[in-house]
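In: quick one: sequence plus predicted model below, questions after.
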Amino acid sequence: MSPVSLNEARLVDHVDRLGLEHPPIDLASVDYSVRRPDVFNERFGRVLDYMARVELEVDRNVIELTTLLPDPPEIDRRFYADVWQPQEIQHGLILDELQIRLGRPGAEPDLTSLGVKMRILGAVAHLDAFQDVCRMLYYLTGMATERSAVLAYNLLHAGVVEMGETAVAETIVAPIRRQEPGHYAFYQLSARGLWSQLAAWQKWMVRRMRSLSFAPVGANNAQQTADFGDMLATLRIDQDVEGFAGQISRVERELLWAHRRGLKVPPYVARAFRDAVDLAHLRRAA
Ligand SMILES: [Fe+2]
Ligand SMILES: [Fe+2]
């Protein structure tokens, strides 16, 4: 088998396995009981809100995706339609229900608006030569997003356990975080496979466009960027922003910036995270 078809076979295998082993979480398995709702809300309420919104925005991501990839490979279509969207939407519904039971307003996901960036990318995506550049950008975003989710849910889980909120830890955060590494693995496999097939000019294009367009997951305006910074602070990630930025962009650095020896974190990733933390500080002070 050629390296390309070997990679395709691994992706098909991976998606099959995710579909079999990770059905969407059954709502009947969730126990929403919280021992000390006020304390819990105070500490993690805003994190729940951010995560619920981002998870629920999966439906807009699917629109972005079909704009970016007018003609996606069959395995990408299967992944997002059969595995990813049904799992993520359930994560969002469960987290949102939890925050509502804590007395918070429900999440307000934006399910329809396509940013200018997306419209421009969508327009060039129809040109054959750009298809793969857009597809690569999509995989890079997926990798950073899913890796952020894995790390954030790990920290949230630890915090919830530490508070003795066993029901939430065991029936909500643990089952959700179990499903995120499979998403990350899909994007990583896809990114590695595609990167090896791109021409030098396409790689150059990817680097440029990624440097110009990187944003943390779910942070589409100043308000949301500050919310993201708040979440980093609550999960105590603000104490090691570089470390976190480095972890979510490890494979991206390895692929896109292999020629830049000694580069620990792509500068646009580190900057975006630092800006979010600063913005949250400023908002709190105001
Ligand atoms: Fe999720
Ligand atoms: Fe995910």
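Out: Perfect, I can see it now. Ligands and ions are numbered 1, 2, ... in the order given.

In: residues in contact with the host helix or strand of Ala52: which ones?
Out: Applying DSSP states H and E as the criterion places Ala52 in helix 37-56. Residues outside helix 37-56 that contact it (Cβ atoms under 8 Å, 6 or more residues apart in numbering): 34, 88-89, 91-93, 95-96, 98-99, 101-104, 106-109, 111, 152, 156, 159-160, 163, 165, 168, 217-218, 227-228, 230-231, 234-235. Heads up, the C-betas are built off the backbone N, CA and C, glycines and all.

In: ok, of the residues you listed, which come out buried?
Out: 34, 88-89, 91-93, 95-96, 98-99, 102, 104, 107, 109, 152, 156, 159-160, 163, 165, 168, 217-218, 227-228, 230-231, 234-235 (16 or more other Cβ atoms under 10 Å).

In: all the helices of this protein, residue numbers only.
Out: Under the criterion DSSP state H, helices of the chain are mapped to 3-21, 37-56, 58-68, 74-78, 85-101, 116-125, 128-162, 166-168, 174-195, 200-213, 222-234, 241-248, 250-256, 267-285.

In: Ser29 is nearest to which of the ones you listed?
Out: Nearest to Ser29, of all those, is helix 174-195, at 7.3 Å by Cβ to Cβ.

In: on that earlier part again, closest to Val30 out of the helices of the chain?
Out: Taking the helices of the chain one by one with Cβ to Cβ, helix 85-101 is closest: 5.7 Å.

In: check whether that closest one contacts ligand 1.
Out: Yes. Residues of helix 85-101 contacting ligand 1 under Cβ under 5 Å from the ion: 88, 91.

In: pLDDT weak spots in this protein?
Out: For the chain, residues meeting the criterion pLDDT under 70 lie at 1, 114-117.

In: which parts of it sit against ligand 1?
Out: 55, 88, 91.

In: how does it look with 6 Å?
Out: 55, 88, 91, 149, 176, 180 (Cβ under 6 Å from the ion).

In: nearest to ligand 2: which residue in the chain?
Out: His183 (3.8 Å; Cβ to the ion).

In: for that residue, which non-adjacent residue is spatially closest?
Out: The shortest distance from His183 to any non-neighbouring residue, by Cβ to Cβ, 6 or more residues apart in numbering, is to Glu146 (4.3 Å).

In: wait, that neighbour sits on Tyr187?
Out: Yes. With contact defined as Cβ atoms under 8 Å, Glu146 reaches Tyr187; the gap is 6.1 Å.

In: report the angle between the helix holding Ala52 and helix 222-234.
Out: 130 degrees (axes from the mean of the first three to the mean of the last three Cα atoms, to 10 degrees).

In: quick one: buried residues of helix 37-56?
Out: Buried-residue list, helix 37-56, by 16+ other Cβ under 10 Å: 40-41, 43-56.

In: how far off centre is stretch 145-158?
Out: Distance of stretch 145-158 from the chain centroid (Cα atoms, centre = their mean, to the nearest Å) equals 10 Å.

In: then stretch 213-226?
Out: For stretch 213-226, the distance to the chain centre is 12 Å (Cα atoms, centre = their mean).

In: what's next to that stretch, contact-wise?
Out: Residues contacting stretch 213-226 (Cβ under 8 Å, 6+ apart): 50, 53-54, 57, 110, 115, 117, 137, 144-145, 148-149, 227-228, 266, 268-269, 272-273, 275-276, 279-280, 282-283.

In: and stretch 190-208, how far apart are its ends?
Out: 20 Å (Cα to Cα, to the nearest Å).

In: check stretch 99-111 too.
Out: OK, stretch 99-111 end separation, Cα to Cα: 19 Å.

In: can you list the residues of the stretch 1-150 of the chain near ligand 2?
Out: So the stretch 1-150 of the chain meets ligand 2 at 88, 146, 149 (Cβ under 6 Å from the ion).

In: what about 5 Å?
Out: So the stretch 1-150 of the chain meets ligand 2 at Glu146 (Cβ under 5 Å from the ion).

In: swap in the stretch 151-286 of the chain?
Out: Close to ligand 2, as judged by Cβ under 5 Å from the ion, the stretch 151-286 of the chain has residues 180, 183.

In: closest residue of this protein to ligand 1?
Out: For the chain, Cβ to the ion, closest residue to ligand 1: His91, 3.8 Å.
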